[in-house]
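Undergrad: Quick one: sequence plus predicted model below, questions after.
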Amino acid sequence: MVSILEEVTEGRAAPKSIRVDNGPEFILKSLDWWAYFNEVRQEFSRPGKPTNNALIESFNGSVRLEC
């Protein structure tokens, strides 16, 4: 995860914030450190509240139906 963020931000500025859910891929010390050192705020969605992240939940539902 962090290596991808490093690659994306190599030629441009890091975002001011990123929205993350509480999934296992986002419970990483390395992500916390990357966000801290790059001054990126992590905005966590509340567990069990897919409406906080409606766009990605809609996308995930579409992918599940198509695949």
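TA: Yep, it's here. Since the model is a prediction, treat every value here as computed from it, not as a measurement. Residues are numbered from 1 along each chain as shown.

Undergrad: the helices in this structure, which residues?
TA: Counting by DSSP state H, the segments of the chain that form helices are 2-8, 29-37, 54-66.

Undergrad: Mind checking the pLDDT average for the longest one?
TA: Within the predicted structure, the mean pLDDT of helix 54-66 is 75.

Undergrad: of all the helices of the chain, which lies closest to Ile18?
TA: helix 29-37 (7.2 Å; Cβ to Cβ). For the C-beta atoms, the positions are set from N, CA and C on the backbone; glycine is no exception.

Undergrad: Give me the buried positions along the closest one.
TA: Residues of helix 29-37 classed as buried by neighbour count (16 or more other Cβ atoms under 10 Å): Leu31, Trp34, Ala35.

Undergrad: Rebuild the residues you listed as TSV, extending it with distance to Glu43 and pLDDT.
TA: As requested, those are arranged in TSV below (distance: Cβ to Cβ, whole Å; pLDDT from 0 to 100):
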residue	distance to Glu43	pLDDT
Leu31	13	84
Trp34	15	88
Ala35	11	89
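
Undergrad: Switch the residues you listed over to a markdown table; also include distance to Arg12.
TA: Below are these laid out as a markdown table (distance: Cβ to Cβ, whole Å):
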| residue | distance to Arg12 |
| --- | --- |
| Leu31 | 19 |
| Trp34 | 15 |
| Ala35 | 16 |
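
Undergrad: Which of the residues you listed sits closest to Leu5?
TA: Nearest to Leu5 among the buried residues of helix 29-37, with distances taken as Cβ to Cβ, is Trp34, at 6.0 Å.

Undergrad: Leaving out chain neighbours, which residue sits closest to Leu5?
TA: Nearest residue to Leu5, sequence neighbours excluded (Cβ to Cβ, 6 or more residues apart in numbering): Trp34, at 6.0 Å.

Undergrad: how much space between the one you found and Ala14?
TA: For Trp34, the distance to Ala14 (Cβ to Cβ, to the nearest Å) stands at 9 Å.

Undergrad: before we move on, what about Gly61?
TA: Taken as Cβ to Cβ, the spacing of Gly61 relative to Ala14 amounts to 30 Å.
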